[in-house]
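# next come a sequence and a model predicted from it.
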Amino acid sequence: AQTVTQSQPEMSVQEAETVTLSCTYDTSESDYYLFWYKQPPSRQMILVIRQEAYKQQNATENRFSVNFQKAAKSFSLKISDSQLGDAAMYFCAYRTGRGGSEKLVFGKGMKLTVNP
Amino acid sequence: DTGVSQDPRHKITKRGQNVTFRCDPISEHNRLYWYRQTLGQGPEFLTYFQNEAQLEKSRLLSDRFSAERPKGSFSTLEIQRTEQGDSAMYLCASSPGLSNQPQHFGDGTRLSIL
């Protein structure tokens, strides 16, 4: 079974600084997707960024980028120019590729605090 | 898009009672998912529908849990004879038919068992 590990339960960053959230996963599959979701307090979970395992190029979405190391099974999220609105729980998630299970497997999450 | 809608937002009930939650997916999303999230944990998969067919169920979905999506639109999740351990946030998500599309989540229903 696939597992996702987020080893840092909490992190803090100063506004306008850069922070990196770590995630590792375990799988024997070669085709899969990886996601970072953000869950603000008492609000819905929203997708931040996703990566397809067959793509070597790291995904970027504005201030958010990933460092995908397939051999090391590592998928870290970098947030540049941190803003107060980035404060939230961040979850790393795994999904099997085409034709496999549709379920997302989540890590335990990491609470990010942004200090003004 | 109006987003994934879940009702109610909060449910408080006594142990042993039955509860039912509703989820309305984003229109034209034919895939619908249920997850459970307990305090301090990430969401855990419960079940998945494609249209009206329930295609995947987790071992977490005991015989006290049942989910339906009768017309391939909204879905209900029922928990019978609730137990203290059922206290959690129940999240619904939906996605389009293409397998590489991400899941979009609702606000969730928070269940508290007295």
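Yes, it's here. Numbering: from 1, shown residues only, chains lettered A, B, ... in the order given.

# hang on, residue B:47 packs against residue B:53?
No: contact between residue B:47 and residue B:53 fails when scored by CB atoms under 8 Å: they sit 11.3 Å apart. All C-beta spots, glycine's among them, are computed from the backbone N, C-alpha and C.

# give me the more crowded residue out of these two.
Looking at residue B:47 and residue B:53 with other CB atoms under 10 Å in any protein chain shown, you find the greater number of neighbours at residue B:47, namely 22 against 10.

# please give me every residue in contact with the residue of chain A found nearest chain B.
As assessed by CB to the nearest CB, chain B sits closest to residue A:106 within chain A, at 3.1 Å. With CB atoms under 8 Å, 6 or more residues apart in numbering or on different chains as the criterion, the residues that contact residue A:106 are A:4, A:37, A:91-93, B:42-44.

# repeat for residue B:90
Contact criterion CB under 8 Å, 6+ apart gives B:6, B:21, B:34-37, B:77, B:108-111 as the residues in contact with residue B:90.

# again with residue B:94
The contact partners of residue B:94, by CB under 8 Å, 6+ apart, come to B:4, B:23, B:25-26, B:29, B:31-33, B:103-104.

# where does chain B get nearest to chain A, residue-wise?
Among the residues of chain B, residue B:42 lies nearest to chain A; the distance is 3.1 Å by CB to the nearest CB.

# against residue A:10, how distant is that residue?
For residue B:42, the distance to residue A:10 under the criterion CB to CB, to the nearest Å works out to 15 Å.
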